[in-house]
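>>> everything below, folded, please.
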Amino acid sequence: MHAEHRHQAILRRLREEGSLRVSDFAAELGVSPVTIRRDVEILADRGLVARVHGGAMLPETWAETAPADADPAAPARGRERVIGLIVPSADYYYPEVIKGAREAAAARNARLVLDISGYDADEERAQVDRMIGDGVDGLLVVPTGPRGWYEHLPVPVVIVERRPGSDEMAGIDHVVSDHVHGARLAVRHLAEAGRTRLALLVRGTSPTAQWIIEGFEAGVRAAGLEAPRPASVLDTGDAGPGSPEYDDPVEELLDAVAAGRVDAVIAHPDNHALALLRRLRARSVQVPGGVAIVAYDDEVAGLADIPLSAIAPAKHEVGASAVELLVRRIEQPDAPRHRLFVLPRLRVRSSSGG
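Numbering: from 1, shown residues only. Predicted coordinates for the structure are as follows:
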């Protein structure tokens, strides 16, 4: 169907019913939601329709429900700005990111629309398509799968908490926690406390694991820990207690502690740090006397019976900064691109001698 015919069909439906939903009307015409959304934008620019979240209304119909001082010809086309946020999980790490984004969006008179991908790349892509079809002004995404296709979307995008490679997605904005810095911070703290034989226990399948490992190894070199095998990286994969993938490296670490080859451990994530603390105490190893522990993430580290020192990514600030960067991109499409690294902080508690 030619664009002008679609425009007439949209206006005809609005005259008949007063409003339409982009996704439903696109299915009815057999075209993509993005096509209908662009048609609505063209008609809104001509003053023929008022664009609302997920659809369109006749300007006179919109005026009956809009605030008295609202302007249907304003840049937001007669509605509040809508920002989509897609995260892989809402029950660990990301609640504070979501909260920061929600508060920053509200301060900008924008509405945040949330979806959870469940670490499923196909579902993530479907959620992106649905949000664009529903008319979001921009997207904040924590990607699970490949990311190159985000550069080709018809709305601005900010990638959150996924660190880019040197040449990756040069045309897209990023806001990430600097986990290399966070791991170096943990190593420096332990070295300054007199610990010289450090180990890293890390869930290797985590998207942040490679950066934590990089920071750990760089921190060990910078601290001049040159004794034989002063640093070890032990990978628990994606398993949990009771599986060989998890238990074997943990037992190796416990044996190293008992033999005096390790006197401090950085453990990622928090729940692995808590499990390690339990196993150390079961072996009558004193914390921090026999071994110091620094957890990474600081979700629940402070609630351990021996409160754990932790590296705390500034998750709230990450979410808020991502919204600020996206709004800037929406308002200034040609502004320079940004890669914003937010520094984690160290919270010293009992487990490292604080």
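
>>> tell me which residues are up against stretch 326-341.
Under the contact criterion Cβ atoms under 8 Å, 6 or more residues apart in numbering, stretch 326-341 has outside partners 81, 83, 108, 110, 137-140, 156-158, 164, 170-178, 181, 321, 325. (Each C-beta comes from the backbone N, C-alpha and C, glycine too.)

>>> just the ones of those residues in strands?
Judged by DSSP state E, these include 81, 83, 110, 138-140, 157-158, 173-177 as members of strands.

>>> can you redo these as a markdown table with neighbour count, pLDDT and distance to residue 26?
Listed next are the ones in strands among the contacts of stretch 326-341 as a markdown table, based on neighbours: other Cβ atoms under 10 Å; pLDDT from 0 to 100; distance: Cβ to Cβ, whole Å:
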| residue | neighbour count | pLDDT | distance to residue 26 |
| --- | --- | --- | --- |
| 81 | 20 | 85 | 22 |
| 83 | 29 | 94 | 22 |
| 110 | 22 | 89 | 24 |
| 138 | 23 | 94 | 20 |
| 139 | 23 | 96 | 19 |
| 140 | 29 | 97 | 24 |
| 157 | 24 | 95 | 21 |
| 158 | 26 | 96 | 26 |
| 173 | 23 | 93 | 28 |
| 174 | 22 | 95 | 31 |
| 175 | 26 | 97 | 31 |
| 176 | 22 | 96 | 34 |
| 177 | 26 | 97 | 38 |
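
>>> show me the two of those residues that sit farthest apart.
Farthest-apart pair in these is 81 and 177; separation 25.8 Å (Cβ to Cβ).

>>> and residue 141, what does it touch?
For residue 141, the contacting residues are 85, 86, 124, 128, 150, 157, 158, 159, 160, by Cβ under 8 Å, 6+ apart.

>>> where does the stretch 51-200 of the chain have low pLDDT?
Along the stretch 51-200 of the chain, the parts satisfying pLDDT under 70 run over 62-79, 165-170.

>>> and the stretch 251-354 of the chain, by the same measure?
For the stretch 251-354 of the chain, the stretches with pLDDT under 70 are 354.

>>> now the helices for it?
Assigned by DSSP state H, counting those that start in this stretch, the stretch 251-354 of the chain shows helices spanning 270-282, 315-331.

>>> give me the buried stretch members for the last one, please.
For helix 315-331, a neighbour-count test (16 or more other Cβ atoms under 10 Å) marks 315-327, 329-330 as buried.

>>> and if you look at the shortest one?
By 16+ other Cβ under 10 Å, the buried positions in helix 270-282 come out as 270, 271, 272, 273, 274, 275, 276, 277, 279, 280.

>>> turn those residues into CSV, columns for distance to residue 8.
Conversion of these to CSV gives the following (distance: Cβ to Cβ, whole Å):
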residue, distance to residue 8
270, 58
271, 58
272, 61
273, 63
274, 63
275, 64
276, 67
277, 68
279, 70
280, 73
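
>>> care to break this protein down by domain?
As assigned by automatic domain parsing, the chain contains the domains 3-65, 81-177+317-343, 179-313+347-352.

>>> if we can go back for a sec, wait, which of the contacts of residue 141 is closest to residue 205?
Looking across the contacts of residue 141 and measuring by Cβ to Cβ, the closest to residue 205 is residue 124, at 17.3 Å.
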